[in-house]
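A.B. asks: structure for this input, please:
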Amino acid sequence: MEKDQIDLLHSLIINYNSSKNKEEKVEIRNEIYLKMLPYIKKWISSILAKRGVFLEKEEIISKSWDCFEFCIKHFRPEKNISVPSHFYSYTNFYLKTYEKINNKNISDQEFEIRNSCFGEDNLYGQLDELKSFKEMLSEEYAFVFDDALMSLIPENKNKQYLPKRSNLPIVRYKEAKKIFKIVIDFLIRR
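C.D. replies: Numbers count the residues shown, from 1 in each chain. Here you go, the predicted structure:
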């Protein structure tokens, strides 16, 4: 999604939330939905495919409306989270909740463990804490922090150190990265 489209969606959502006229509100909501629909459909397909669930096009469209309503209801402009990031995270959360409702084989305890970091309050709080922690770091250590964060993604686990992008000695870089991984894990999981 391009920046101008993100800015447009952000302003439309603000207009939607501030509008007092019901007809205008419905019109703005529908416009936002039409602009978000292609992305939400892709996200739903991707998220469910990772779980081995494949839906027909009609089911995806139906679920996309439910996810959209959930996402727009919980959007908080003051949190400064980009529209795509918010909608993706909340679509993922909604689908996990839906999985619990429709899958009786998952115990309540397992469901809580699976979704513990995706609660509305937790998600923004954790992101704010990570952002605040990074802002306290010097520029050279901020780069190491970013690298540590990215290396927690399974696809990036074996990524090699890039000496050109940091002024730190290799040993210090690796030690800092190891410590930042522990800090990030703590901030996300607590």
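
A.B. asks: Tyr39 contacts Gln5, correct?
C.D. replies: No: with contact defined as C-beta atoms under 8 Å, Tyr39 does not reach Gln5; the gap is 9.8 Å. Every residue, glycine included, has its C-beta placed from N, CA and C.

A.B. asks: so Phe68 sits right up against Met36, yeah?
C.D. replies: Yes: in this structure Phe68 lies within contact range of Met36 using C-beta under 8 Å: 6.2 Å.

A.B. asks: and the two? Which one has more around it.
C.D. replies: Set Phe68 next to Met36 and count neighbours by other C-beta atoms under 10 Å: Met36 wins out with 25 against 20.

A.B. asks: ok, now which ones touch the more buried one?
C.D. replies: Contact analysis of Met36 by C-beta atoms under 8 Å, 6 or more residues apart in numbering lists Leu9, Phe68, Phe87.

A.B. asks: so of those, which ones are in helices?
C.D. replies: Using DSSP state H, the subset of those located in helices is Leu9, Phe68, Phe87.

A.B. asks: what sits closest to the first one if chain neighbours are left out?
C.D. replies: For Leu9, the nearest residue in space outside its immediate sequence neighbours is Val83; the separation is 4.6 Å by C-beta to C-beta, 6 or more residues apart in numbering.

A.B. asks: what's the pLDDT at that neighbour?
C.D. replies: pLDDT for Val83: 92.

A.B. asks: please say which of Tyr39 and Gln5 ends up with more neighbours.
C.D. replies: Neighbour count, other C-beta under 10 Å: between Tyr39 and Gln5, Tyr39 has more, with 18 against 14.

A.B. asks: secondary structure element holding that one?
C.D. replies: Tyr39 belongs to helix 22-50 when assigned by DSSP states H and E.

A.B. asks: could you do Leu149 as well?
C.D. replies: Assessed by DSSP H and E, Leu149 sits inside helix 139-151.

A.B. asks: and after that helix, which helix or strand comes next?
C.D. replies: Next in sequence after helix 139-151, counting helices and strands by DSSP H and E, comes helix 170-189.

A.B. asks: can you pull the pLDDT of Ala49?
C.D. replies: Looking at Ala49, its pLDDT reads 85.

A.B. asks: let me know the outermost residue of the protein.
C.D. replies: Farthest-out residue of the chain from its mean C-alpha position, per C-alpha atoms, centre = their mean: Pro169, at 33.2 Å.

A.B. asks: sounds good, over and out.
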